[in-house]
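In: sharing a sequence plus its predicted fold:
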Amino acid sequence: MITEPARVTTHPPLVERVAGWSVRHRIFVVVSWLLLVAAAFAVGQHLGTSNTNSYDPGQAGVAERILDRPAVQQPDGEAVLVQGRSAGQTFANDPELRQTVRQVAAALERLPGAADDIQSPFTSAGLVNGRSALVTFNVAGNPDNDDTAVVPALTAVAAIQARHPGLTVAEAGGASVDRTASAQIGQDFRTAAVTSLPITLVLLLIVFGALIAAGIPLLLAGTAVIAAISLLSIPSRIVPVGGTTSAIVLLVGMAVGIDYSLFYLRRVREERAAGRDTKQALHVAAATSGRAIAVSGLTVMISLAGLFLTGIDVFSGVAIGTILVVGAAVLGSLTFLPALLSLLGTATDRARIPFLGRRRAAARPSRVWGLVVRAVVRHPLALGGLATVALLALATPLLSLHLENPDLHAFPDTVPVIRTAEAIEQAFPGGPEPAEVVVTGDNLSGPAVSKAVTALHAQVAATHGAIREPITTALFGPARPAGDQVLVISVPLNGNSTNATSVNALTTLDTQVLPATLGKVPGIKYAVGGDTASNVDFDAQLDSRTPLVFAFVLGLAFLLLMISFRSVAIPALSICLNLLSVGAAYGVMTWIFQDGHLQGLLGFSSYGGITPWLPLFMFVLLFGLSMDYHVFILSRIRELRLRGASARTAVTDGITSSAGVVTSAAVIMVAVFSIFATLSEIEFKVFGVAMAVAVLIDATVVRGVLLPAGLALLGDRAWAMPGRTRALGRPRFSGQDGAPEVEPGTVRENQNLTLDDISRGLG
């Protein structure tokens, strides 16, 4: 029996008021939402995304900012490898190899608009090593257009390769690698967008069994993504926003948008199946699923805001983009979604899929999860302990986690320019990526600085190979006014730019060589840049800021959940379980990508490390996203407790009744994340696999075993605040004539629960 809403004097919660207003003005809200998305798209198209530079923290960032000045900007360097196919085919004894080198140099000299400062073994020493020879040059013109200006040189080199099939003639360098990477990331983004939509639609058709119902989550998620990506054109004037940011925004937006729609739409269907009309069903959905969406969305955005505390430019753009798309998804779920569902009414169940439509519309509790949860509630310590041990075992590889930038391993060896760059590095180790000592101050062309540079050359032997020749210098800027000149000293380091050998060489340069030379010249300053310095400074910043990010995310999430559920045990349990699932996902990530398992299946080559920025970013995102399921399930359990169900019954029925929507949401999210495992860049692969594994663990082991085990062990204590003497859901009898006066935040123990009771109890 459905009881009509009772007259109350208190205002319903904000979420419900917003949803109610949206339902009453449904046509206006639906049209306004679509117009807002269209306006955001128009703004994005008009402004375009600005290419704001990203700078590293520390000394490396200081050097990068100076090197980015127009008067100092240096063009990208390129190298053409001419290599014999066999070991005996050396530059000294093979006329064809020498002739090909001459042809490459001559072809580049005929391209003054593309190539400058051309060097070959015939003009410079050090460009021959056995069967390998290099022709080097700088890309001519504006450094901002290097990826376009390099095309004529690439074309000329390809033509020479075609004339000499017995040799390897290939080009690689900063401009060509950047060009390929940009094209590959763009292609990956398009692949992810094109692939995710049909896969998601098929899964939604299976979940809902009706075409219209399946299209609603896609509509909400799609409009939220379009709006967020378009609006990124505004913050791109201040923070760096690149292709990676757009790809992550797409991924996160599709995941949360579909999750929130599923929570809302399935609750409406459930209430209609119980006999309520659409208006009443939307009322209950707003008070329950709507509230869960608001709490979950705030948790995700708070977690992502922790990235700002890193002080790293690249994180700022990603944080803004993901917060935008989550905020758009939450706003749409609380306004556009109830308005649209009210407008459609029972039409959401039309266009049913044969054999699926009628069964899916009922939104029945899960029998399988019911059996599992009932077993866990009967034996919480044994089964919960077994699941905990299993996740700890999965997390074990995390103990050997090694953070290292992929460098050339970012893309697979099948990409030609990557294969060429690796061949150049193998034939001429350490040469292409020297440390760059950027010197500023007065009289940089004077005798004191010249003497210091001479002393720097003299230090090569004393470092026992840590630094080596050729050390080169370049002076930029006018002699007047004083202080506007910049001296760039390129110092080759031992190692491959990212390994421990290079880091040790950089330490020697920083702590011994430079203080003994440039450090003794008054009136100047210097900062060390280059790939090795960038990696070291980036890692140091992460190490120092990661504890702050963890404290911020965990602390605010705890407070938000404590306020939402009026409990200390619930947020503590949720945070512990989320950390356990994240640790297990990280262990799987380390086992696959660092230890090199499943390389053939996933199409990557392990380089023995994990990109340093990924673990922290995935932590804040996973922590937020995993709260989707926790908040939704806990809200259902709390709702049953408010009705008067016992602690164990509420756990069993709450998880069983929400199993269908949580499983559906998890399957879709895993599918969307798994798409990223098929992309070419290794960072996307790591991200996609780790996120998919974490969601899978969270929706199965955590949701089905650990959460009910923890709640069963806590019992009524789970829902109590310190100092409170009554458990949740117990009415107090202090009203007139002995009528029960409902404590704020509780609902009468009555199975004929009114809609306003639910609203007030969950508010």
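Out: Structure's in. What do you need?
In: can I assume residue 103 is in contact with residue 160?
Out: Yes: under the criterion of Cβ atoms under 8 Å, residue 103 makes contact with residue 160 at 5.5 Å. (Each C-beta comes from the backbone N, C-alpha and C, glycine too.)
In: which residues in the stretch 351-500 of the chain form helices?
Out: Assignment of helices within the stretch 351-500 of the chain using DSSP state H, counting those that start in this stretch yields the ranges 357-361, 367-378, 380-395, 416-427, 447-458, 500-508.
In: which one of these lies closest to residue 143?
Out: Put simply, out of the helices of the stretch 351-500 of the chain the one that sits nearest residue 143 is helix 416-427, at 18.8 Å, with distance taken as Cβ to Cβ.
In: against which helices or strands is that closest one packed?
Out: In terms of contacts (3 or more Cβ pairs under 8 Å, 6 or more residues apart in numbering; DSSP states H and E), helix 416-427 is packed against strand 77-84, strand 132-139, strand 167-173, helix 174-208.
In: gap between residue 626 and residue 192?
Out: The spacing between residue 626 and residue 192, counted by Cβ to Cβ, to the nearest Å, is 22 Å.
In: neighbour count: these two, which is higher?
Out: Of the pair residue 626 and residue 192, residue 626 is the one with more neighbours under other Cβ atoms under 10 Å, namely 28 against 22.
In: identify the residues contacting the more buried one.
Out: 578, 581-582, 694-695, 698, 702 (Cβ atoms under 8 Å, 6 or more residues apart in numbering).
In: ok, so of those residues, who is nearest residue 89?
Out: Residue 89 has its nearest neighbour among the contacts of residue 626 in residue 694, at 50.8 Å by Cβ to Cβ.
In: the closest one and residue 583 touch, don't they?
Out: No: taking contacts as Cβ under 8 Å, residue 694 lies outside contact range of residue 583: 9.6 Å.
In: who's more crowded, the two?
Out: Neighbours per residue (other Cβ under 10 Å) separate residue 694 from residue 583, with residue 694 holding more: 30 against 18.
In: excluding its backbone neighbours, what's nearest the more buried one?
Out: Distances taken as Cβ to Cβ, 6 or more residues apart in numbering place residue 585 nearest to residue 694, at 3.6 Å, with adjacent residues excluded.
In: just to revisit the earlier point, kindly reformat the helices and strands packed on helix 416-427 as a markdown table containing distance to residue 346.
Out: Formatted as a markdown table, those follow (distance: least, Cβ to Cβ, whole Å):
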| stretch | distance to residue 346 |
| --- | --- |
| strand 77-84 | 65 |
| strand 132-139 | 63 |
| strand 167-173 | 62 |
| helix 174-208 | 14 |
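In: by mean pLDDT, show me the worst of those.
Out: Per-stretch mean pLDDT for the helices and strands packed on helix 416-427 is lowest at helix 174-208 (a mean of 81).
In: enumerate the positions of the helix or strand following it that are buried.
Out: Downstream of helix 174-208, the first helix or strand assigned by DSSP states H and E is helix 211-231. By neighbour count with 16 or more other Cβ atoms under 10 Å, helix 211-231 contains the buried residues 213-231.
In: tell me how far helix 211-231 is from the chain's mean position?
Out: 20 Å (Cα atoms, centre = their mean, to the nearest Å).
In: avg pLDDT for the next helix or strand after it?
Out: Next along the chain after helix 211-231, taking DSSP H and E as the criterion, comes helix 243-273. Mean per-residue pLDDT for helix 243-273: 84.
In: quick check: buried residues in helix 243-273?
Out: Per 16+ other Cβ under 10 Å, helix 243-273 contains these buried residues: 243-272.
In: so what does the next helix or strand after it touch, helix or strand wise?
Out: Next helix or strand after helix 243-273 toward the C-terminus (DSSP H and E): helix 278-285. The contact analysis (3+ Cβ pairs under 8 Å, 6+ apart) places helix 278-285 against helix 14-24, helix 243-273, helix 336-344, helix 755-762.
In: helix 278-285 vs helix 14-24, what angle?
Out: 160 degrees (axes from the mean of the first three to the mean of the last three Cα atoms, to 10 degrees).
In: which residues does residue 58 contact?
Out: Going by Cβ under 8 Å, 6+ apart, residue 58 touches 533, 536-538, 540-541.
In: my guess is residue 442 meets residue 524, correct?
Out: Yes: using Cβ under 8 Å, residue 442 makes contact with residue 524 at a distance of 7.1 Å.
In: who has more neighbours, those two?
Out: With neighbours defined as other Cβ under 10 Å, residue 442 and residue 524 compare such that residue 524 has more, 20 against 14.
In: what's the neighbour count on the residue nearest to that one when sequence neighbours are not counted?
Out: Once flanking residues are discounted, residue 524 sits nearest to residue 441: 3.3 Å by Cβ to Cβ, 6+ apart. Counted with other Cβ under 10 Å, the neighbours of residue 441 add up to 18.
In: got it, and residue 170?
Out: Residues contacting residue 170 under the criterion other Cβ under 10 Å number 23.
In: show me where the stretch 501-650 of the chain has its strands.
Out: Secondary structure of the stretch 501-650 of the chain by DSSP state E, counting those that start in this stretch: the strands cover 524-529.
In: tell me how far the spatially closest residue to residue 699 that is not a sequence neighbour lies from residue 233.
Out: Nearest-residue entry for residue 699: residue 666, 3.3 Å, with adjacent residues in sequence omitted and distances by Cβ to Cβ, 6+ apart. Note on residue 666: its distance to residue 233, by Cβ to Cβ, is 33 Å.
In: and those two? which has more neighbours close in?
Out: In terms of neighbours (other Cβ under 10 Å), residue 666 is the more surrounded of residue 666 and residue 233; the figures are 21 against 18.
In: name the helix or strand for that one, please.
Out: Using DSSP H and E, residue 666 maps to helix 647-676.
In: quick check: buried residues in that helix?
Out: 647-648, 650-676.
In: what separation do you get for residue 25 and residue 38?
Out: Using Cβ to Cβ, residue 25 is found at 19 Å from residue 38.
In: before we move on, what about residue 249?
Out: Taken as Cβ to Cβ, the span from residue 249 to residue 38 is 18 Å.
In: again with residue 449
Out: In terms of Cβ to Cβ, residue 449 sits 59 Å off from residue 38.
In: compare those two (neighbour count), which wins?
Out: Neighbours were counted for residue 449 and for residue 38 using other Cβ under 10 Å; residue 449 has more, 24 against 14.
In: quick check, pLDDT for that one.
Out: What the model reports for residue 449 is a pLDDT of 89.
In: just give the nearest non-adjacent residue to it, would you?
Out: residue 521 (5.8 Å).
In: shaky segments in the stretch 301-450 of the chain?
Out: Residues of the stretch 301-450 of the chain meeting the criterion pLDDT under 70: 355-364, 429-432.
In: let me see the contact set for the closest residue to residue 653 other than its chain neighbours.
Out: Closest residue in space to residue 653, ignoring its immediate chain neighbours: residue 640 at 5.6 Å, by Cβ to Cβ, 6+ apart. Contact partners of residue 640, counting by Cβ under 8 Å, 6+ apart, are 649-650, 653-654.
In: from the residues you listed, which is closest to residue 546?
Out: Nearest member of those to residue 546, counting by Cβ to Cβ, is residue 654, at 35.0 Å.
In: so who does the residue lying closest to the closest one once chain neighbours are set aside touch?
Out: Distances taken as Cβ to Cβ, 6+ apart put residue 637 closest to residue 654, at 3.4 Å, once the chain neighbours are dropped. Applying Cβ under 8 Å, 6+ apart to residue 637 gives the contacts 650-651, 654-655, 711.
In: what of residue 520?
Out: Going by Cβ under 8 Å, 6+ apart, residue 520 touches residue 452.
In: could I get the phi/psi values of residue 115?
Out: phi -130, psi 140 (degrees, to the nearest 10).
In: so it bridges to which residues?
Out: Beta-bridge partners for residue 115, by DSSP bridges, are residue 139.
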